[in-house]
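[1] this one's structure only:
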């Protein structure tokens, strides 16, 4: 057992002060990526709560919550009177993990949301694979009618694979069904309908959108428009359902004229915002299905002398970096995308001896990040 663990990079405090994500979550992620993952699968004792609090310039209670999060993720364990130690993984270094990217996810121009989601989730997958000393293989396979045959062949050639991760579900339904029939484990990350019997990591999009609507309603907004995307997408359909449900819970009518469906680029949000405001001049708030659509709506308002949030409040969803730095900074729902990746790898490795048809589903909550794009209704 190693007995020293002061090897945490200098000035970590600056790395965890640049986001609206709770500090304890940022500290847990920082420790996992910059310390635990670099231990070489050896048992290392963490610095004391006092020393960690000094390094991160936070209260000890914040450090305590970060350690609790690491325990929950299976990264560390405590021993009474001895301290907190990193966990040694029994089967480290023997597992291969295959990741199937969503179609065209590498095209950041045509699919900005897919690109952002994939990159953030990949960070978590990579960190957990490093922690487990697993080998990660990434495949960007174009979708076609017989794509399931290619993926089955991929697995059959690599029997050491612990399983296959999919970012998104749409388009891979038959593939995942075929894998399950052959007792090959897979996990779907994001994009899965809640009633589908497949191993999955995700969030409750309906509940998350409810948080955004409740926030706007609490500020006095009653005429709230919604900018959606194609409802053929399971994720966007769930977010839309959440909007309708939340409006009903708040006792607010939702006429169809207050809802606009558009593409996923900021320009699409720009046009949808213009259409909604032209047809419904009394709108005081816009709830957007994604941050990119919300950024387009903010730009439309800026170019047409509509002050945000004095004249209209705008909220987004996803928690992309651009939302934090736009003018005004965007109120949004941030989903723990990195944690999706970590938990997906953990689900594959920790349950690799289970039957493939033993389905597990883990739901991680989204967090409402309140910024300057939302304010009290002045109508």
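    That came in fine, so what should we check first? Treat the numbers as computed from the prediction; the structure is a model and nothing was measured.
[2] residues near residue 61, how many?
    By other CB atoms under 10 Å, the residues close to residue 61 number 11. The C-beta positions use only the backbone N, C-alpha and C, and glycine is treated the same way.
[3] all numbers from here: first residue = 32
    In the new count, where the first residue is 32, that last one comes out as residue 92.
[4] and after the helix or strand where it lies, which helix or strand comes next?
    If you go by DSSP states H and E, residue 92 is part of helix 91-103. Per DSSP H and E, helix 91-103 leads on to strand 107-110 as the next helix or strand towards the C-terminus.
[5] contact partners for the residue positioned nearest the centre of the chain?
    Among the residues of the chain, the one closest to the centroid is residue 368, at 2.5 Å (CA atoms, centre = their mean). Residues in contact with residue 368, defined by CB atoms under 8 Å, 6 or more residues apart in numbering, are 148, 151, 152, 154, 155, 221, 350.
[6] neighbour count, pLDDT and secondary structure added to those residues, as JSON lines?
    Shown next, in JSON lines, are the contacts of residue 368 (neighbours: other CB atoms under 10 Å; pLDDT from 0 to 100; DSSP: H, G, I helix; E, B strand; the rest coil):
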{"residue": "148", "neighbour count": "24", "pLDDT": "68", "secondary structure": "helix"}
{"residue": "151", "neighbour count": "20", "pLDDT": "83", "secondary structure": "helix"}
{"residue": "152", "neighbour count": "29", "pLDDT": "88", "secondary structure": "helix"}
{"residue": "154", "neighbour count": "16", "pLDDT": "87", "secondary structure": "helix"}
{"residue": "155", "neighbour count": "24", "pLDDT": "90", "secondary structure": "helix"}
{"residue": "221", "neighbour count": "24", "pLDDT": "81", "secondary structure": "coil"}
{"residue": "350", "neighbour count": "23", "pLDDT": "90", "secondary structure": "coil"}
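[7] of the residues you listed, closest to residue 372?
    Nearest to residue 372 among the contacts of residue 368 is residue 155, at 2.6 Å by CB to CB.
[8] residue ranges for the strands of this structure, please.
    107-110, 114-117, 127-131, 166-170, 192-198, 217-220, 231-233, 255-259, 290-292, 316-319, 344-346, 363-365, 392-394, 398-400 (DSSP state E).
[9] each with direction, which strands does the last one pair with?
    For strand 398-400, the paired strands and their directions (DSSP bridges) are strand 363-365 (antiparallel).
[10] avg pLDDT for the partner strand?
    The average pLDDT for strand 363-365 rounds to 95.
[11] what lies in contact with it?
    51-52, 239-240, 242-243, 322, 325, 346-351, 354, 397-400, 402.
[12] what of stretch 102-111?
    With CB under 8 Å, 6+ apart, stretch 102-111 has contacts from 59, 63, 67, 77, 98, 101, 115-118, 162, 373-374, 377, 381.
[13] what pLDDT does residue 122 get?
    The score at residue 122 is 48. That number is its pLDDT.
[14] no, scratch that, I was asking about residue 216
    Here the pLDDT value assigned to residue 216 is 84.
[15] ok, it touching residue 382?
    Yes - using CB atoms under 8 Å, residue 216 is in contact with residue 382, at 7.3 Å.
[16] those two - which one has more neighbours?
    The neighbour comparison of residue 216 against residue 382 (other CB under 10 Å) goes to residue 216, with 24 against 17.
[17] quick check: closest non-adjacent residue to the more buried one.
    Using CB to CB, 6 or more residues apart in numbering and skipping residues adjacent in sequence, the residue nearest residue 216 is residue 194, 3.5 Å away.
[18] how about that neighbour, what does it touch?
    Residue 194 neighbours (CB under 8 Å, 6+ apart): 128, 129, 215, 216, 217, 218, 379, 383.
[19] only the buried subset of the residues you listed, as a ChimeraX command please.
    Of the contacts of residue 194, the buried ones go into a single ChimeraX selection, burial set by 16 or more other CB atoms under 10 Å:
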select :128,129,215,216,217,218,379
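[20] how about the contacts of residue 194 in JSON lines, adding distance to residue 264?
    Output for the contacts of residue 194, formatted as JSON lines (distance: CB to CB, whole Å):
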{"residue": "128", "distance to residue 264": "26"}
{"residue": "129", "distance to residue 264": "24"}
{"residue": "215", "distance to residue 264": "26"}
{"residue": "216", "distance to residue 264": "25"}
{"residue": "217", "distance to residue 264": "20"}
{"residue": "218", "distance to residue 264": "20"}
{"residue": "379", "distance to residue 264": "25"}
{"residue": "383", "distance to residue 264": "31"}
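[21] can you tell me which of the contacts of residue 194 is nearest residue 330?
    residue 218 (37.1 Å).
[22] which residues does the closest one bridge with?
    residue 196.
[23] any idea how far residue 273 is from it?
    From residue 218 over to residue 273 the distance is 24 Å, taken as CB to CB, to the nearest Å.
[24] swap in residue 364?
    With distances taken as CB to CB, residue 364 is found 10 Å from residue 273.
[25] which neighbours do these two have in common?
    With CB under 8 Å, 6+ apart, residue 364 and residue 273 have common neighbours 239, 240.
[26] if you count what's nearby, which of the two comes out ahead?
    Using other CB under 10 Å, the more surrounded residue of residue 364 and residue 273 is residue 364, with 28 against 24.
[27] and the residue lying closest to residue 348 once chain neighbours are set aside, how far from residue 239?
    Of all residues not flanking residue 348 in the chain, residue 364 sits nearest, at 4.5 Å (CB to CB, 6+ apart). Distance of residue 364 to residue 239, computed by CB to CB: 5 Å.
[28] domain assignment for the chain?
    Structural domains of the chain, as assigned by automatic domain parsing, span the residue ranges 43-117, 127-233+367-395, 236-365.
[29] the last one: end-to-end distance?
    Just to be clear, that refers to domain 236-365. 11 Å (CA to CA, to the nearest Å).
[30] quick one: it to chain centroid distance?
    19 Å (CA atoms, centre = their mean, to the nearest Å).
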